[in-house]
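Asker: what's the 3D shape of this:
(one chain, ligands or ions: 1)
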Amino acid sequence: MNMRCYQLASDLRICRILNGMWQVAGGHGTIDHNLALADMLRYHDAGFTSWDLADIYGPAEDFIGEFRRLLLTLKGNEEIEQIQSLTKWVPQPGKITRSMVNKNIEKSLRRMNVGTLDLLQFHWWDYNNPYYIDALKYLSDLKDKGIIKHIGLTNFDTEHMQIIMDSGSKIISNQVQFSIIDRRPEVKMLSFCQRHNVSLLAYGSICGGLISERYLGKSEPSNVELNTLSLRKYKKMIDAWGGWNLFQDLLTSLKRVGQKHGVSIANVATSYILKKPQVGGVIIGARLGIVEHISDNTQVFGFILDKSDQDEIDSVCENANDLFEIIGDCGDEYR
Ligand SMILES: NC(=O)c1ccc[n+]([C@@H]2O[C@H](COP(=O)([O-])OP(=O)(O)OC[C@H]3O[C@@H](n4cnc5c(N)ncnc54)[C@H](OP(=O)(O)O)[C@@H]3O)[C@@H](O)[C@H]2O)c1
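Answerer: Coordinates of the predicted model:
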């Protein structure tokens, strides 16, 4: 069975499927405030207690704050202790000062209605701008004061993670795109993370929903038919990886494997990434209040892929292009 929980740090245990909140930031349908909060409660009650968000994901941090207040009213203090909310700080490139860092972290604390951030994942747009080292130093100081429990990164490549490690900052995770289609983390990132005891949090593992029965046996969708930013983002990945016909071969194999275990295509794709070394969790986007996949995604914890399943999936991918050669290391698509 895939384990349900993962110890990201000695004092931070997460659900291995995290609820992704980019989907509330626009471009994924209209979010109704009350319906979204009701869905958050459903995810939480089903054991999906870990949330991935960011200061730049529209109202995501405010939703966490409201959800915590709601849960306190409904179920009391003990229950809000069960939530893990992993946010990000995504500053504009430029000079970073201590007061800028403090102000931004205070804002996240206030919006999320927490006294401490469980994990602050840091993003940086431009490696030519060296202030990311200063930013991480100031964040480390906040960690020493107990305002941030742990520091993680998002979309950093292996080379710059090494620079950060050499500068003395203690990092526990890197959040990167990782799927059957996008295996770039396997080239350098995984072994680096193994050596430095860093966990990976994977996103894009079901390609915005493209890796599902919904697209099996279907003709190639146009950009207009792809009605979320996420679907459009990962369709481009599939185009670079090998195109729609090869993708159909992959979906057919995933369906076969899924039928063998009595689970869905999305479950197989999620499970495949959860089995990779250093992967702490897979973040699955949730269009809160619009559609939920709670019971289907719960199935991930009820089976495990065997070697013949993995071989079947890998054999389709042998015909695909190498995205590391085309795009570069993790996060290079953002730079
Ligand atoms: N650090 C970064 O730069 C970065 C970048 C992208 C994403 N992320 C994080 O990762 C999260 C995931 O987002 P993503 O864009 O990568 O999307 P994703 O998780 O690959 O796809 C999410 C979509 O998949 C569909 N889905 C979910 N469970 C399903 C199931 N069991 N069966 C069939 N379809 C299912 C849903 O589509 P429908 O709603 O249409 O049903 C959902 O909206 C984001 O919210 C964010 O937290 C981080």
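Asker: So what touches the helix or strand of the chain with the lowest mean pLDDT?
Answerer: The weakest-scoring helix or strand in the chain, judged by mean pLDDT, DSSP states H and E, is helix 77-80 (a mean of 95). Helix 77-80 is contacted from outside by R68, L71, L72, using C-beta atoms under 8 Å, 6 or more residues apart in numbering. C-beta coordinates here come from the backbone N, C-alpha and C atoms, glycine included.
Asker: who in the protein is up against the ligand?
Answerer: Counting by C-beta under 6 Å from any ligand atom, the chain comes close to the ligand at 20-23, 52, 154-155, 175, 203-209, 212, 230, 264, 266, 283-285, 287, 291, 293, 296-297.
Asker: Okay, and which of those map to strands?
Answerer: G20, D52, T154, Q175, Y203, I283, I284, G285 (DSSP state E).
Asker: what would those residues look like in CSV with pLDDT?
Answerer: Shown next, in CSV, are those (pLDDT from 0 to 100):
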residue, pLDDT
G20, 98
D52, 99
T154, 98
Q175, 98
Y203, 98
I283, 99
I284, 99
G285, 98
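Asker: tell me the contacts of the residue in the stretch 1-150 of the chain positioned nearest to the ligand?
Answerer: In the stretch 1-150 of the chain, the residue that lies nearest the ligand is G20 (2.3 Å; C-beta to the nearest ligand atom). Applying C-beta under 8 Å, 6+ apart, we find G20 in contact with D52, Y203, I283, I284, G285, A286.
Asker: re earlier: which of the ones in strands among the residues of the chain next to the ligand sits closest to the ligand?
Answerer: For those, the nearest to the ligand is G20 (2.3 Å; C-beta to the nearest ligand atom).
Asker: Okay, and the beta partners of that closest one?
Answerer: Assessed by DSSP bridges, G20 has beta-bridge partners D52, G285.
Asker: Distance of it relative to V282?
Answerer: Relative to V282, G20 is positioned 9 Å away (C-beta to C-beta, to the nearest Å).
Asker: and if you look at N223?
Answerer: Taken as C-beta to C-beta, the span from N223 to V282 is 26 Å.
Asker: With neighbour numbers in mind, choose between those two.
Answerer: Neighbour totals were compared for N223 and V282, and V282 leads with 28 against 10 (other C-beta atoms under 10 Å).
Asker: Buried ones among the contacts of helix 77-80?
Answerer: Neighbour-count burial within those applies to R68, L71; the criterion is 16 or more other C-beta atoms under 10 Å.
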